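Colleague: A predicted structure for the sequence below; I have some questions about it.
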Amino acid sequence: MNATPQPRIVACSHCGHKNRVPAAAQGSPRCGHCHQALTWVVDADDDTFAEVAERATVPVLVDLWAPWCGPCRMVSPQLEKLAAERAGRLKLVKVNSDDAPRLSQRFQVQAIPTLLVMRDGKVLATQVGAAPARVLRTWLDQALRDEPAAAQQGLT
């Protein structure tokens with residue numbers, strides 16, 4: 001991957017308009033036509049992770065995966081659905097662990113998929129291995145629900 005994160009073209013789920021969505025930006029992307037929130041799914045690697053994930057102004061769901069990993073490919077559509085359900089409130093950052101050895105080491109990835117929920121560059125929750133959609137939804141909701149309470153207690 002390049003040192004500069006590449007934008008993606010995303011069709012608005014409300015009006016179908018195609019939008020160029022940057023990998024990194026303040027706030028969250030909105031449709032240029034109807035102004036509804038867009039699903040935000042981006043790729044990152046060792047060189048772009050800080051800009052794309054750690055500096056995000058919305059919570060980030062990080063998917064550390066590999067193309068040869070069957071469970072990773074099974075869970076990916078579930079994660080994209082979770083991101084779509086939370087358009088404007090969540091960013092999904094996909095990291096190919098084979099192409100990001102420093103991130104894999106930093107987050108002590110020993111099995112994939114490894115999922116992280118991050119806010120302001122801090123890990124709030126970790127899920128190792130594939131899980132059913134309902135389990136992932138509950139895990140993500142719990143991590144996002146607990147985040148303000150943890151921040152008030154200085155635990156994040």
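Modeller: Now that the structure is in, tell me what you want to look at.
Colleague: pLDDT-wise, which helix or strand of this structure ranks last?
Modeller: helix 133-152 (a mean of 79; mean pLDDT, DSSP states H and E).
Colleague: tell me which element the residue nearest in space to the middle of the chain falls in.
Modeller: Central residue of the chain (Cα atoms, centre = their mean): residue 92, 2.1 Å from the mean position. Following DSSP states H and E, the helix or strand that holds residue 92 is strand 91-96.
Colleague: export that strand to CSV, keeping only CA atoms.
Modeller: Coordinates of each C-alpha in strand 91-96 appear next as CSV, following Å, rounded to 0.1, in the frame of the first residue of the first chain:
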residue,chain,number,x,y,z
LYS,A,91,-15.1,3.5,10.7
LEU,A,92,-14.0,0.1,9.6
VAL,A,93,-10.2,-0.2,9.0
LYS,A,94,-9.0,-3.3,7.3
VAL,A,95,-5.3,-4.3,7.9
ASN,A,96,-3.8,-7.1,5.9
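Colleague: that one: what's the following helix or strand?
Modeller: helix 101-106.
Colleague: pull out the buried residues from that next one.
Modeller: For helix 101-106, the neighbour count (16 or more other Cβ atoms under 10 Å) marks 103, 104 as buried. C-beta coordinates here come from the backbone N, C-alpha and C atoms, glycine included.
Colleague: residues in contact with it?
Modeller: 45, 46, 49, 64, 95, 97, 109 (Cβ atoms under 8 Å, 6 or more residues apart in numbering).
Colleague: if we use 10 Å, what do you get?
Modeller: 44-47, 49, 53, 62, 64, 66, 95-98, 100, 109-110, 112, 114, 116 (Cβ atoms under 10 Å, 6 or more residues apart in numbering).
Colleague: how far is it from where the chain is centred?
Modeller: 17 Å (Cα atoms, centre = their mean, to the nearest Å).
Colleague: so for it, mean pLDDT?
Modeller: Helix 101-106 carries an average pLDDT of 96.
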